[in-house]
Each structure stands twice: as structure tokens, then as C-alpha cells.
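1. Starting from these lines, generate the structure:
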Amino acid sequence: MTQHHHNGGESRLERGRRALAEIDGEAGANVIAALADIAPDFATYVFEFPFGDIYSRPGLDLRAREIATIAALAALGNAAPQLKVHIEAGLNVGLSRDEIVEIMMQMAVYAGFPAALNGLFAAKEVFSHRSD
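-> The predicted structure is shown next:
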């Protein structure tokens, strides 16, 4: 993915669609599809802001962004569906299963054992559906 703000006139929406497809893959597409019949404008905001603006910035590579996102979602403790999407995304952008497990274990220090346990179980569930 080219990590530039303005890629030959590509709109935020177009850039966001491309980024979401590359990073989240099928799991991201499912989230967007699920929004279509209740809040299609919100699906557009998801494309434009997180993916079109933030994920497309040059300051961190996608591996680093997914480490931060997985850690944040695990620490929140109330975002299991999003955590699973981003565990998938982490694997898509080159994180290993072992690295994802380490992220969850570290969350015990900052977010407590319940968050770490829930994160590990979310990872276990995602890993069980994948062949890599």
C-alpha cells in the first residue's frame, strides 16, 4: 500500500476502500456489508476516517498499526468483535500467531488478567478458523 495522503487524486473513500481490503480482508468487508442496511453513511465514515486517513499515514507501517490496534482493543475489553477482525488483520499484514499471543499476555500488565484472558481466547478462536 502506498502510504501517502494524496495518491493521484484518489479520494479518501477510494483510498479507504483499498486500505480496508488490504488490511482487514474478508472480515472487514463483512463489517461494511452488515452496516449497509442500517447505517450506510457510517460505512462511508469507516472507509474515510480510520482507513482513508489514519491507516494511510506514513508514520507507522501496517504491522505496527495492527499491534497498536490489537493492544488497544484487547485493553478496552468491550470490543471482542472488533478485536477478532484486527487479529485477522494482524495476521494479514505479517504478524505471527506467537506475536499476537505476546501482545495479549502483555495486556495483563496494563489492562488486567480478564482483558488478557479474553484477548487470548479471541486469538484462539481466530486462529482455529485459519490455515496459516
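
2. all contacts plus neighbour counts: C-alpha atoms, from now on.
-> Will do.

3. Asp41 - how many residues pack around it?
-> By other C-alpha atoms under 10 Å, 11 other residues sit near Asp41.

4. Contacts for the longest helix belonging to the chain, please.
-> Determined from DSSP state H, the single longest helix within the chain is helix 12-35. With C-alpha atoms under 8 Å, 6 or more residues apart in numbering as the test, helix 12-35 has contacts from 1, 42-44, 46-53, 55-56, 62, 85-86, 88-90, 92-93.

5. Buried members of these into PyMOL, please.
-> A single PyMOL command selects the buried members of those (16 or more other C-alpha atoms under 10 Å):
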select buried, resi 43+44+46+47+48+51+52+53+55+56+62+85+86+88+89+90+92+93
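
6. Could you pick out which of the contacts of helix 12-35 are located in helices?
-> Those of the contacts of helix 12-35 lying in helices (DSSP H): 42-44, 46, 62, 85-86, 88-90, 92.

7. Distance to Leu76 added to those, as TSV?
-> Below are those laid out as TSV (distance: C-alpha to C-alpha, whole Å):
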residue	distance to Leu76
Phe42	21
Ala43	22
Thr44	24
Val46	19
Leu62	21
Val85	15
His86	14
Glu88	18
Ala89	18
Gly90	18
Asn92	22
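
8. Format those residues as CSV; extra columns: pLDDT and distance to Gly16.
-> Below are the ones in helices among the contacts of helix 12-35 laid out as CSV (pLDDT from 0 to 100; distance: C-alpha to C-alpha, whole Å):
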residue, pLDDT, distance to Gly16
Phe42, 94, 13
Ala43, 91, 11
Thr44, 92, 9
Val46, 90, 8
Leu62, 94, 14
Val85, 94, 16
His86, 95, 16
Glu88, 94, 18
Ala89, 94, 15
Gly90, 97, 17
Asn92, 93, 17
